[in-house]
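> Here is my input; please provide its structure:
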Amino acid sequence: MAIDFSAVGAALAAPARSAMLSALMDGSSRPASELAAAAGVRPSTASEHLAVLVGSGLLEVAAHGRHRYYRIADDGVADALERLGRLCPETPVRSYRQSREAAALEQARLCYDHLAGRLGVAVAESMTDRGWLDLRTPTLTDAGHAALSERGLDVAGLTGRRPLVRSCLDWTQRRPHLAGALGAAVATRALEAGWVTRRPGSRALRLTPAGRDGFADVWGVPAEVLG
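Next up, the predicted model:
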């Protein structure tokens, strides 16, 4: 049976919808008003675009009181969008602010709920070099299970509906970073430890001085990657 790519293609065929999806690629849930501002459209127009994205299965919506919040449907959709980014042209940079934002996204960002950019790829490659991960399979090795448990990650507690380890192809680095439940746990650990902080209004992450030491000592990320 052939796959009808046009159904999803039609949902993506509007710059405003692309902007909305990009705003949600940090795993956040946002009201229509914020997504309208991110896309530069009126609230009534935003509602039409969001209905298309929900209908196509790219977004899901949940009601909280009088408000409705939108988010990427699941990590599989986020993975597909990240991979699709390899085929898409970058948005034109027309200001210094946009140039800085593009550089920040390339260095470190959230891809749904896991680390991406140079930082995310470096973490995955370091774990692979140590024999903890095999992203070709993808699997966590016995050595990796032991090493991560020693570093305070409850690997056994990460079992659930989503895969423990998943390879996600990074659209800026053209190399895989770590996704799945383990990727989310690593990102959560970094945020809770203050190794990275969220940049306001962006899915880019700011690496802190504590993070430079933490990623080098705990995950073996080379200093030159950390800047």
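> Quick one: low-confidence residue ranges for the chain.
Within the chain, the segments meeting pLDDT under 70 span 1, 92-94, 96.
> Going by residue numbers, what spans are helices in it?
5-12, 15-24, 32-39, 43-55, 75-84, 96-107, 117-129, 142-150, 180-192, 209-219, 223-226 (DSSP state H).
> Show me which positions of the third one end up buried.
Neighbour-count burial for helix 32-39, counted by 16 or more other CB atoms under 10 Å, picks out Ala32, Glu34, Leu35, Ala36, Ala38, Ala39. For glycine as for every other residue, the C-beta is placed from the backbone atoms N, C-alpha and C.
> Out of the helices of the chain, which gets nearest to Leu169?
Among the helices of the chain, helix 75-84 comes nearest to Leu169, with 5.0 Å by CB to CB.
> Find the residue at the geometric middle of this structure.
The chain has Cys111 as the residue nearest its centroid, 0.6 Å off, counting by CA atoms, centre = their mean.
> From Leu140, how far off is that residue?
19 Å (CB to CB, to the nearest Å).
> For stretch 203-212, give me every contacting residue.
For stretch 203-212, the external contacting residues (CB atoms under 8 Å, 6 or more residues apart in numbering) are 22-23, 25-26, 101, 104-105, 107-111, 115, 117, 119, 190, 193-199, 215, 223, 226-227.
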